[in-house]
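[1] sequence plus the predicted model coming up.
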Amino acid sequence: MRMTDREPKSGEARGAADHGPRVGKTGPAAHPGTIVRTISERWPLEPAQAERPDATARRWRYVDGAGEIGVVASVTQPFCGGCSRARLSAEGRLYTCLFAARGHDLRAPLRLGASDEELLENLRSIWTRRTDRYSELRTAETASLPKVEMSYIGG
Ligand code: SF4
């Protein structure tokens with residue numbers, strides 16, 4: 001089971017994978033330590049190893065071996081620095097952040113006959129120059145910025 005540090009309201013739910021709703025539309029975030037402590041008081045937990053270095057959820061397992069939980073704390077502990085969330089739209093635009101306002105056109109070079117190496121270099125160049133850190137900057141102002149819809153980039 002995965003939990004986020006803030007509960008989306010109706011109409012803005014986008015799932016844990018997008019690491020929580022946008023600021024300014026919901027109540028205060030619950031610190032992940034509070035979430036884990038509350039559960040652990042009833043069912044003791046211990047830290048579990050991350051699935052991957054860029055995993056969104058921090059994991060804990062039940063000491064009795066009954067399973068594990070994950071907490072996605074994008075509001076209280078943003079993780080943009082280790083992010084690897086690229087998304088490719090059906091139109092061939094690459095988004096380097098789930099909250100990006102625009103994507104990079106990969107379709108045009110593909111249609112113009114770019115080689116695999118050229119496409120790879122294009123991708124590398126886009127990714128290494130990215131400066132996305134929406135969750136780290138999340139403020140009342142960022143809530144009103146234009147963003148790609150999750151349905152457009154496939155979740
Ligand atoms: S860079 Fe964007 S997609 Fe990645 S963690 Fe930050 S807000 Fe999320």
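    Cool, the structure landed.
[2] in contact with residue 2, which residues?
    16, 57, 69, 70, 71, 72 (Cβ atoms under 8 Å, 6 or more residues apart in numbering). (C-beta placed from N, C-alpha, C; glycine too.)
[3] highest neighbour count among these?
    For these, neighbours were counted by other Cβ atoms under 10 Å; the highest total belongs to residue 71, with 25 neighbours.
[4] for that one, name its beta-bridge partners.
    Assessed by DSSP bridges, residue 71 has beta-bridge partners residue 3, residue 58.
[5] and it, what is it in contact with?
    Applying Cβ under 8 Å, 6+ apart, the residues near residue 71 are 2, 3, 4, 5, 32, 35, 36, 57, 58, 60.
[6] now the last one: phi and psi?
    By that I understand residue 60. Main-chain dihedrals, residue 60, degrees, to the nearest 10: phi -130, psi 140.
[7] which bits of the chain sit near the ligand?
    19, 79, 80, 83, 85, 97, 98, 99, 132, 133, 134, 135 (Cβ under 6 Å from any ligand atom).
[8] make it 8 Å
    Within the chain, the residues that sit near the ligand (Cβ under 8 Å from any ligand atom) are 18-19, 56, 74, 78-80, 82-85, 96-100, 130, 132-136, 138.
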